[in-house]
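> what's the 3D shape of this:
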Amino acid sequence: MTNESAQAFELPGDGPLLLVGCGKMGGAMLAGWLAQGLPAQRVVVQDPGPLPDIADMLSEAGIPVTEAYDGPPPSVALLAVKPQVMDTVYPTVAKTFDPTTLVISVAAGRTIAGFEADAPEGAAIIRSIPNTPSAIGQGMTVCFANDHTTDAQHALATRLLAAIGRVGWVDAEHLIDAATAVSGSGPAYVFFLAETLAAAGVEVGLPERLARELAAVTIAGAGDLMLESSDQPDQLRRNVTSPNGTTEAALNVLMADDGLRPLMSRAVKAAEARSRDLAR
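Model prediction:
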């Protein structure tokens, strides 16, 4: 990144970027922000005990760490704590906000209304759901913003969250549940696909270690190909499927009326329904 790009990454106002929770996800975001040129002196971390490697990064960058932030109103407050402790942490830290604070949550199951209840009236609040590959900068984060969010805040949130991968937006909050079912929970589906593909390979005679490697590398490579190709997944599938060949034989099973498509549909709908149940 050029110095010009780094200098362009400025926060509005005089307050800090308050990162509440600096575990693997928060640490990955922070590393990305610093790499993009966000001044370390604009960052404060609230975390009772960062992981050792993250604590080293914070110390090296000179970023202060506190168990309970009580400084000036932050320009941005990014909430990266686990959902089960949000009810304990958020009401207290929200007392430090003012109406200009941009609040961004990456915690599952917390609605805009839930955050607005403790925030100053008129505060901009963004609810987002990243997935686990975000911890290595290869994630997908889907966001929804309340009506108080300005275009500039929208753009700032996009840039901050882009530190951990790609960012998409929905225009209705209930679609966060759908996104959770597809991308939030999706890595587990892919891991299970790798697990079952490797097991099937062992059944036809492959050594277990090789079968696991074949499954993992094949899935990772196919994912990269989808992102880099201009073709849609259905066309990529056709590209690799020769008439009367081995791939077609397998797809005849996977694409049967009782095959993978209806199974995946039921799985995603179950995850979406559970996401709605958990939201508050």
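> Going by C-alpha atoms from here, please, whenever you check contacts or count neighbours.
Will do.
> Report the buried residues of stretch 57-77.
Taking 16 or more other Cα atoms under 10 Å as the neighbour-count basis, stretch 57-77 is seen to contain the buried residues 58, 63, 65, 69, 73, 74, 75, 76, 77.
> In strands, which of those fall?
The members of those that map onto strands under DSSP state E are 65, 76, 77.
> how about the first one, what does it touch?
By Cα atoms under 8 Å, 6 or more residues apart in numbering, the residues touching residue 65 are 44, 45, 46, 47, 58.
> and the longest helix for this protein?
Across the chain, the longest stretch assigned as helix under DSSP state H is helix 208-228.
> Which element, helix or strand, includes the residue lying closest to residue 219 once chain neighbours are set aside?
Distances taken as Cα to Cα, 6 or more residues apart in numbering place residue 194 nearest to residue 219, at 7.2 Å, with adjacent residues excluded. For residue 194, the element it lies in under DSSP states H and E is helix 186-203.
> Packing partners of that helix?
For helix 186-203, the contact count by 3 or more Cα pairs under 8 Å, 6 or more residues apart in numbering; DSSP states H and E identifies helix 208-228 as packing neighbours.
> Please compute how far the helix or strand just after the helix it packs on lies from its chain's middle.
Next helix or strand after helix 208-228 toward the C-terminus (DSSP H and E): helix 233-239. Between the centre of helix 233-239 and the centre of its host chain there is 27 Å, according to Cα atoms, centre = their mean, to the nearest Å.
> and if you look at stretch 135-147?
With Cα atoms, centre = their mean, you get 5 Å for stretch 135-147.
> repeat for stretch 19-30
Using Cα atoms, centre = their mean, the distance between the centre of stretch 19-30 and that of its chain works out at 12 Å.
> Per-residue confidence, the closest residue to residue 71 other than its chain neighbours, what does it come out as?
Leaving aside its chain neighbours, residue 71 sits nearest to residue 96 (7.1 Å; criterion: Cα to Cα, 6+ apart). Turning to residue 96, the model gives it a pLDDT of 97.
> is it true that residue 96 lies in a strand?
No. Secondary structure of residue 96 (DSSP: H, G, I helix; E, B strand; the rest coil): coil, not part of a strand.
> wait, doesn't it sit right on residue 72?
Yes. The pair residue 96 / residue 72 is scored as a contact, 6.8 Å apart, by Cα atoms under 8 Å.
> Any stretches of this structure with poor pLDDT?
For the chain, the stretches with pLDDT under 70 are 1-8.
> Check which helices and strands the helix or strand harbouring residue 60 sits against.
Assessed by DSSP H and E, residue 60 sits inside helix 52-61. The criterion is 3+ Cα pairs under 8 Å, 6+ apart, and there are no helices or strands that helix 52-61 contacts.
> how far away is the closest residue to residue 268 other than its chain neighbours from residue 224?
Spatially, and ignoring its direct neighbours in sequence, residue 268 is nearest to residue 181 (5.2 Å; Cα to Cα, 6+ apart). Residue 181 sits at a distance of 21 Å from residue 224 (criterion: Cα to Cα, to the nearest Å).
> and the two? which has more neighbours close in?
residue 181 (20 against 11; other Cα atoms under 10 Å).
> quick one: that one is in a helix?
Yes. When the secondary structure is assigned by three-state DSSP, residue 181 falls within a helix.
> Now do the contacts for it.
Under the contact definition (Cα under 8 Å, 6+ apart), the residues listed for residue 181 are 268, 269, 271, 272, 275.
> how about a cut-off of 7 Å?
Taking Cα atoms under 7 Å, 6 or more residues apart in numbering as the contact definition, residue 181 lies against 268, 271, 272.
> if I look at the residue located most distally from the centre of the chain, how far off is residue 250?
Counting by Cα atoms, centre = their mean, the extreme residue of the chain relative to its mean C-alpha position is residue 244, 40.5 Å from that point. Computed as Cα to Cα, the residue 244 to residue 250 distance reads 10 Å.
> can you check residue 232 too?
For residue 232, the distance to residue 250 under the criterion Cα to Cα works out to 20 Å.
> Over to residue 185?
Counting by Cα to Cα - residue 185 and residue 250 are separated by 26 Å.
> So for the two, which sits in the more crowded spot?
Per other Cα under 10 Å, whichever of residue 185 and residue 250 has more neighbours is residue 185, with 17 against 11.
> quick one: the more buried one from residue 139, how far?
Residue 185 is 12 Å from residue 139, where distance means Cα to Cα.
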